[in-house]
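Participant: Requesting a structural model of the entry that follows:
(4 chains)
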Protein chains: 2
Amino acid sequence: MDKNNRSSTYVLKQAKLSNTKIRKSILEFLMENHGPFSIDEIHKQIFDCDYATVYRCIKKFEECAIVSRCDFGDNISRYEYKDLNHHHHHIICRSCHKISTVEYCFLKEMEKMLTDQGYKDVSHALEFFGICQECQN
Amino acid sequence: MDKNNRSSTYVLKQAKLSNTKIRKSILEFLMENHGPFSIDEIHKQIFDCDYATVYRCIKKFEECAIVSRCDFGDNISRYEYKDLNHHHHHIICRSCHKISTVEYCFLKEMEKMLTDQGYKDVSHALEFFGICQECQN
DNA sequence: GTTTTTGCAAATTGTTTGCAGACCA
DNA sequence: TGGTCTGCAAACAATTTGCAAAAAC
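Facilitator: Reported below is the predicted structural model:
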């Protein structure tokens, strides 16, 4: 269940994805645990499931906007369940790579807040994505 | 020359990196062209230079904060010269992957501005990086 | 019963490494 | 000259693909 009380089965149905044992397991893991998680971490959690399958499922989930991909600059893709009612960002330690959640959302203020919390040398990476005019036709 | 009139040789010296032909070429390419560029794109521009060398140079540049790495969610790392006087972000078309520069810097307003410019379905990815308290000791 | 998904193994792609020779200071 | 950088080839790691069997609808 997510914060809107939606079950994994419901979410899969909504996305028009077939409800297989493995998809259900992966989605449930992502819904119940606050990531983001690497493919490796997801694979470890799912009993008897091939890496290729994890990749394929996550790709589907991403296409259907069920999960979103995070990049923390270490060449490892991480994924988390896209809880629509819970917009947030992350703060990653450049040394130990611990991931924490940042609830607040204004750049300058956020950086100051993180500094106040004890983080040193805070920076950020921000990219926008959209469909450009040429591609809309 | 960058916006502060700094030459590639000067920038390398400042960073305490030796001034080799290849490093100079790569840095000049990055200073004169507004990226970000993939390793592949950089490699194409540098005459008679091995991929391994491009990777090694860029890694050095990144360590010395001469370039910064961008991730656009397609598993390709891109790099651009870190022009200190030119803080900006990017807008990437989810369809054709064209990269444009976003000069303005406030999230909501930026997204609105991009929509006004004709981009559809604009979203963003933002991550913070810092050194957490435990790692500061 | 047809379509979609999965496991397996192999291929592909992006990145890193060891080493000997070339280059820089 | 001594240390650093480079090219080459090989290693490695993350991701993707083809195909036949299994599961979903």
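Participant: can you tell me which residues contact residue A:23?
Facilitator: In this structure, residue A:23 makes contact with A:12, A:17, A:57, A:60, judged by C-beta atoms under 8 Å, 6 or more residues apart in numbering or on different chains. No exception for glycine: its C-beta is placed from N, CA and C like everyone else's.
Participant: rerun that using 10 Å as the cut-off
Facilitator: Going by C-beta atoms under 10 Å, 6 or more residues apart in numbering or on different chains, residue A:23 touches A:8-9, A:11-12, A:15, A:17, A:46, A:53, A:56-58, A:60-61, A:66.
Participant: Restricted to helices, list those.
Facilitator: A:8, A:9, A:11, A:12, A:53, A:56, A:57, A:58, A:60, A:61 (DSSP state H).
Participant: Do you have the strands of chain A handy? List them.
Facilitator: A:37-38, A:67-71, A:77-81, A:89-93, A:99-102, A:120-131 (DSSP state E).
Participant: Nearest to DNA strand D, out of these?
Facilitator: strand A:77-81 (3.9 Å; C-beta to the nearest atom of the strand).
Participant: what helices or strands is that closest one leaning on?
Facilitator: Using 3 or more C-beta pairs under 10 Å, 6 or more residues apart in numbering or on different chains; DSSP states H and E as the contact test, the elements touching strand A:77-81 are helix A:21-32, strand A:37-38, helix A:39-45, helix A:51-63, strand A:67-71, strand A:89-93, strand A:99-102.
Participant: Dump those to a markdown table, plus distance to DNA strand C and mean pLDDT.
Facilitator: Rendered in a markdown table, the data for these read as follows (distance: least, C-beta to the nearest atom of the strand, whole Å; pLDDT from 0 to 100):
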| stretch | distance to DNA strand C | mean pLDDT |
| --- | --- | --- |
| helix A:21-32 | 4 | 96 |
| strand A:37-38 | 15 | 95 |
| helix A:39-45 | 10 | 95 |
| helix A:51-63 | 3 | 95 |
| strand A:67-71 | 11 | 87 |
| strand A:89-93 | 17 | 72 |
| strand A:99-102 | 20 | 75 |
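Participant: Between these, which one is closest to residue B:115.
Facilitator: strand A:67-71 (19.7 Å; C-beta to C-beta).
Participant: so what's the backbone phi/psi at residue A:47?
Facilitator: Note on residue A:47: its backbone torsions stand at phi -70, psi 130 [degrees, to the nearest 10].
Participant: got the contact list for it?
Facilitator: So residue A:47 contacts A:21, A:22, A:25 (C-beta under 10 Å, 6+ apart).
Participant: ok, so of those residues, who is nearest residue B:77?
Facilitator: When the contacts of residue A:47 are compared against residue B:77 (criterion: C-beta to C-beta), the nearest one is residue A:22, at 30.3 Å.
Participant: I'd guessed that closest one sits against residue A:45; true?
Facilitator: No: between residue A:22 and residue A:45 there is no contact under C-beta atoms under 10 Å: 11.3 Å.
Participant: what touches both of those two?
Facilitator: Contacts common to residue A:22 and residue A:45, judged by C-beta under 10 Å, 6+ apart, are residue A:54.
Participant: wait, residue A:135 sits on residue B:92?
Facilitator: No: in this structure, residue A:135 is not within contact of residue B:92 by C-beta under 10 Å, at 11.3 Å.
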